[in-house]
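Enquirer: Show me the folded form of this:
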Amino acid sequence: MGAKRKNDPKIITVLGPTSSGKSDLAVSLAKNFDGEIVSADSRQVYKGMDIGTGKVTKEEMEGVPHYLLSVASPRRKFTVSQYQKKAAGAINKILKKEKLPIVCGGTAFYISALVDGMILPEITPDWNFRKELNKENCEELLGRLEKIDPQRAGNIDPKNKRRLVRAVEIVEKTNEPVPSLKKNSFYSPLFLGIKIDRDTLNKKIDKRLQERLKEGMVEEVKNLRKSGISWQRLESFGLEYKWIALYLQEKVSYDEAIKRLSLETKNFSKRQMNWWKGDTRINWIRDYKEAEKLVKNFLKAPLN
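Expert: Numbering: from 1, shown residues only. Purely as a prediction, here's the structure:
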């Protein structure tokens, strides 16, 4: 990572597995410390994908401004590089207002790209190479990625063929791991991770899944399809969108779709935690009081 500068602005980063309560914590901190929130979620950037992604509602925001929600069309891919630029712009806007930027989300790659200033490889898509890679199944692609970049293979969705193809392509073309390890951070971050035991988290995942179904998650996927999003594109978003799309195409029964979705979400939460496991900068907290104390001390302390 690049050397820290004396005037690097302080920011808070709230992270944790899906369903752990990140948004609630971030809003509470923002209200108490005069902050505004920058979302770090790779699916919440898309318009019309609200229920399935657990996008924070106007009521849940409690008047706190949120950035990087619903900024892109689901028809087109929104890249990490695009996120990095837009989110950095949002942080600058918050700092100009003399507010505290709070980055909140579960997409580790987005957080690292933004907070650590990761220099991302600029790779033009090689469509012929991708065509060749697409002939391989997910298992074969994962095996290939494990040989050339075991770290990325350990935290990628093993069922998401589009991401597997892209990861293999980047490593093969740059001869570097994904993501590039070059970093140039412009911030002094405090990392807060939500610590939650596996049984409690699994129960929360199942409870939230039932709530989303009641809120109209199936209808949301139907509406996205009606708006012209292909089944293949919907499936590429993974989890809720993948399994409901498969159910709507009558490729699986409703009960099977929900059962598989529950299992895949729990596995996804494990991969999220695996990514962060080795990051010693993260302060793992169990409740708001712990977070509040850490933030108070962090904001009082002089910049290094």
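Enquirer: When you work out contacts or count neighbours from here on, use the C-alpha atoms and nothing else.
Expert: Fine.
Enquirer: Would you agree Ala167 falls within a helix?
Expert: Yes. Counting by DSSP: H, G, I helix; E, B strand; the rest coil, Ala167 is located in a helix.
Enquirer: what's around it, how many residues?
Expert: 22 (other CA atoms under 10 Å).
Enquirer: where along the stretch 1-150 of the chain do the strands fall?
Expert: Taking DSSP state E, counting those that start in this stretch to define them, one finds strands in the stretch 1-150 of the chain at 10-15, 35-39, 66-67, 100-105.
Enquirer: can you list these in CSV and add mean pLDDT, mean neighbour count and distance to Ser112?
Expert: As requested, these are arranged in CSV below (pLDDT from 0 to 100; neighbours: other CA atoms under 10 Å; distance: least, CA to CA, whole Å):
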stretch, mean pLDDT, mean neighbour count, distance to Ser112
strand 10-15, 98, 24, 10
strand 35-39, 98, 26, 13
strand 66-67, 98, 19, 17
strand 100-105, 98, 24, 11
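Enquirer: Can I get these in a markdown table including distance to Ala26?
Expert: Putting the strands of the stretch 1-150 of the chain into a markdown table (distance: least, CA to CA, whole Å) gives the following:
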| stretch | distance to Ala26 |
| --- | --- |
| strand 10-15 | 7 |
| strand 35-39 | 7 |
| strand 66-67 | 10 |
| strand 100-105 | 7 |
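Enquirer: what sits against the residue nearest the centre of the chain?
Expert: By CA atoms, centre = their mean, the mean C-alpha position of the chain lies nearest to Thr107, the distance being 2.0 Å. Counting by CA atoms under 8 Å, 6 or more residues apart in numbering, Thr107 touches 40-42, 272.
Enquirer: Out of those, which is nearest to Tyr67?
Expert: Within the set of these, Ala40 lies nearest Tyr67; the separation is 9.3 Å, counting by CA to CA.
Enquirer: distance of the nearest residue to that closest one once chain neighbours are set aside from Leu120?
Expert: Nearest non-adjacent residue to Ala40, counting by CA to CA, 6 or more residues apart in numbering: Gly105, 4.3 Å away. Using CA to CA, to the nearest Å, Gly105 is found at 20 Å from Leu120.
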